[in-house]
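Asker: quick one: sequence and predicted model below, then my questions.
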There are 2 protein chains.
Amino acid sequence: MPEQPVRARLVDVAHAAGVSKATVSKVLNGRQDLSVRPETRRRVHEAAETLGYRPHSGARALAGASTHALALLIPALGNPTYVTIARGAYQRARELGYLSLLAEDFDGQEADDSFNDLVQEGRVDGLLIASARPGHPLLDTLSRSPVPHVFLNRSVEGSGRNVTMDVARSSVTALDHLHGLGHRAVGHIAGPAGITPSEVRKEAFLRHAEALGLDAAPVASEDFTEDGGGFAARELLRPAPGSARPPVTALYTSSLAQAIGAMAAIRDLGLRIPEDVSVVGNDDLPVAAHLHPPLTTVAMPLYELGTAAVDALVATIEGTPVGDVVVPTEPRLVLRGSTARPAGPGGTP
Amino acid sequence: MPEQPVRARLVDVAHAAGVSKATVSKVLNGRQDLSVRPETRRRVHEAAETLGYRPHSGARALAGASTHALALLIPALGNPTYVTIARGAYQRARELGYLSLLAEDFDGQEADDSFNDLVQEGRVDGLLIASARPGHPLLDTLSRSPVPHVFLNRSVEGSGRNVTMDVARSSVTALDHLHGLGHRAVGHIAGPAGITPSEVRKEAFLRHAEALGLDAAPVASEDFTEDGGGFAARELLRPAPGSARPPVTALYTSSLAQAIGAMAAIRDLGLRIPEDVSVVGNDDLPVAAHLHPPLTTVAMPLYELGTAAVDALVATIEGTPVGDVVVPTEPRLVLRGSTARPAGPGGTP
DNA sequence: CCATCTGAGGAAACCGGTTGACTGAAACTT
DNA sequence: AAGTTTCAGTCAACCGGTTTCCTCAGATGG
């Protein structure tokens, strides 16, 4: 039976290794302000190993050191985008000796619940915040409190703590694809106003649409949900007065959920995908391949966003903040069945 | 400025209220082994309030008391089923003065990572385990360790710690619906073998199929994923040698993801939903309404499962375990467009 | 009138780590 | 040979709570 029924404590390890608590603590934490013989060091590690020693996080935190825990605050658990981010964060945190916890920071919540529960009660050393939005009470709290934190995905201008992806590039990638297929009128279903990636994606879309010389590039802003996507799709596809056909031949959405909602709406309108309307979604998640038709998406480096955010946060915790970071991996187009050449006046191929 | 930049500690509250640390601790924890004047009690609460006092969880844990935190272990973050469960758990935990953390307990992980990180390091008082499966290393660890825990959704026979839903009833509900529409050959896409709700659902399906006198009730077991559902659907719909049409007119799936995969497969086979094949899924989540066609589901009381599990765990932590629990709320049929009368030899309506 | 009881609250040990100051021995200086 | 460094590690205070005895004043009892 290799494991003890009771937790091994620091003094147990010290006793087993024949040294003092202080020595064990310093050795295990790899402090260099102490000189130990290699042989002693080895004995300590060995004793810790065989006893299955794990430091009590509370005791550590109390003693002024770190809890070695971080928390990732996400706006909606149900949004699969964050699953990938969370996995990246968890994995990287583990590699750095931290534990990454997950908390939903939803709107209905009391102002600072998560902050109080996690930070005020001393459970974590820092926050990865993916739920920032203008006016979020948390932002105010943070400005008055010295807790290390970074913003990921949704950034806060001027904070110098933003970890983001090249969202503008994703609009360019999507538009290039549609343009290459022959589309000359493309609608964009954007996310809510005020949320950074929404804004950036939208502006990049408009800019690149102009650069490509598109005939039309209307935008509708809605929630990141299925309903939002459906609603926006109906708006963008409504024929102009006097016309019989929709003003655009393709839609590019801000989220995968919006794409799902948009596809349902398109069909409700009696239109076919991709024959009448092509659809490109953002974020490549497993479900995209199982839609009908399978959805062409722009795959964002979500996993890397998680790892990069942890790197930035840990650096901040350790006193060497790194400033704003943009994940270097470029968005990548994943081609599936929801996009095709438009059936223009020129005739179907 | 109502909030201090630095955390208020117990002694600060004590000082502000003009009493000792001991008194504050006892008053705030509502211990009755101490008699205090109502007026003193009021002063203490008031001081704690104005100082925004929050006890340091680590200090608490160290002093032998509880951390007031629980962890919910789920097998897959991406599975939206658990989102609803997690919300129920979080909310109920909060009402009981606990914090519910979320951890993914995935297969690729080192044997007992979550256990070590959360329990061994003293971060939580108990575990809500939704990721049990036969042979899971965690089960072994738990049997050697006295950590309070309950199993939810997936149960462990004989543990006396299972919190489940009336899964058998969901099969009955689904079958009754299909039978009522006139279906006489229904296939069931079950979950993996060995996982309790899968087994129970499958057996209830077979039993009730026999009770209804169905002509055929084949079952295919696959993963809870889209791919699993697609694979199983192809198998169940394969015409018998010498026949041209599928052997069943309806499919009942174990998970929502399976239903999505099955729908894609059905269409790939050139069949229509619901004209050729009706589909009923388990678990009613937002996306079900946005599929094409919208999916008829059996809504399980997931939120209640989360709250009930927390109730059971907290009871266990406080020394009064409650034994196995079945959530009383009954599964409910949510009628949408994926089910219809079968187009039998008797002709389409 | 002194002993006892009860109500209201306090003193201090303790939980398991971390950390800066300190010590004893050996090695090196001069 | 005495003083100074360096090495290798130890001591003990401290973090912020909880909990187990205590104490002390006033009320009660005989």
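Answerer: That came through, no problem.
Asker: burial of the residue lying closest to A:Gly323 once chain neighbours are set aside, as a residue count?
Answerer: Nearest non-adjacent residue to A:Gly323, counting by Cβ to Cβ, 6 or more residues apart in numbering or on different chains: A:Gly160, 5.2 Å away. Using the backbone N, CA and C atoms, a C-beta is placed for each residue, glycine as well. A:Gly160 has 12 neighbours, counted by other Cβ atoms under 10 Å in any protein chain shown.
Asker: only alpha carbons, please: show the helix or strand hosting A:Thr173 as PDB.
Answerer: In the assignment (DSSP states H and E), A:Thr173 maps to helix A:167-181. The C-alpha trace of helix A:167-181 is given here as PDB (Å, rounded to 0.1, in the frame of the first residue of the first chain):
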ATOM      1  CA  VAL A 167      -9.600  38.600 -35.400                       C
ATOM      2  CA  ALA A 168      -9.300  41.100 -38.200                       C
ATOM      3  CA  ARG A 169      -7.500  38.500 -40.200                       C
ATOM      4  CA  SER A 170     -10.400  36.100 -39.800                       C
ATOM      5  CA  SER A 171     -12.700  38.500 -41.600                       C
ATOM      6  CA  VAL A 172     -10.200  38.900 -44.400                       C
ATOM      7  CA  THR A 173      -9.800  35.100 -44.700                       C
ATOM      8  CA  ALA A 174     -13.600  34.600 -44.900                       C
ATOM      9  CA  LEU A 175     -14.100  37.400 -47.400                       C
ATOM     10  CA  ASP A 176     -11.300  36.300 -49.600                       C
ATOM     11  CA  HIS A 177     -12.800  32.800 -49.800                       C
ATOM     12  CA  LEU A 178     -16.300  34.100 -50.700                       C
ATOM     13  CA  HIS A 179     -14.900  36.600 -53.100                       C
ATOM     14  CA  GLY A 180     -12.900  33.900 -54.700                       C
ATOM     15  CA  LEU A 181     -16.000  31.900 -55.200                       C
END
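Asker: if we look at it, which residues are touching it?
Answerer: Residues outside helix A:167-181 that contact it (Cβ atoms under 8 Å, 6 or more residues apart in numbering or on different chains): A:186, A:188, A:197, A:200-205, A:208-209, A:212, A:214, A:250, A:252, A:278, A:280, A:282, A:296, A:298, A:300, A:330-333, A:335, A:339-342.
Asker: now the residues you listed: which count as buried?
Answerer: Among those, those classed as buried by 16 or more other Cβ atoms under 10 Å in any protein chain shown are A:186, A:188, A:197, A:200-202, A:204-205, A:208-209, A:212, A:214, A:250, A:252, A:278, A:280, A:282, A:296, A:298, A:300, A:331, A:333, A:339-342.
Asker: tell me how far stretch A:331-347 lies from the chain's centre.
Answerer: With Cα atoms, centre = their mean, to the nearest Å as the basis, stretch A:331-347 stands 28 Å off its chain's centre.
Asker: same check on stretch A:61-70?
Answerer: That offset, for stretch A:61-70, works out to 25 Å (Cα atoms, centre = their mean).
Asker: so which bits of it are buried?
Answerer: Buried residues in stretch A:61-70, counting neighbours by 16+ other Cβ under 10 Å, are found at A:Ala61, A:Leu62, A:Ser66, A:Thr67, A:His68, A:Ala69, A:Leu70.
Asker: what's the burial count for the residue in the stretch 151-300 of chain A positioned nearest to DNA strand C?
Answerer: Nearest residue of the stretch 151-300 of chain A to DNA strand C: A:Arg161, at 24.1 Å (Cβ to the nearest atom of the strand). By the criterion of other Cβ under 10 Å, A:Arg161 has 23 neighbours.
Asker: B:Asp33 versus that one, what's the distance?
Answerer: A:Arg161 sits 47 Å away from B:Asp33, going by Cβ to Cβ, to the nearest Å.
Asker: done for today, thanks.
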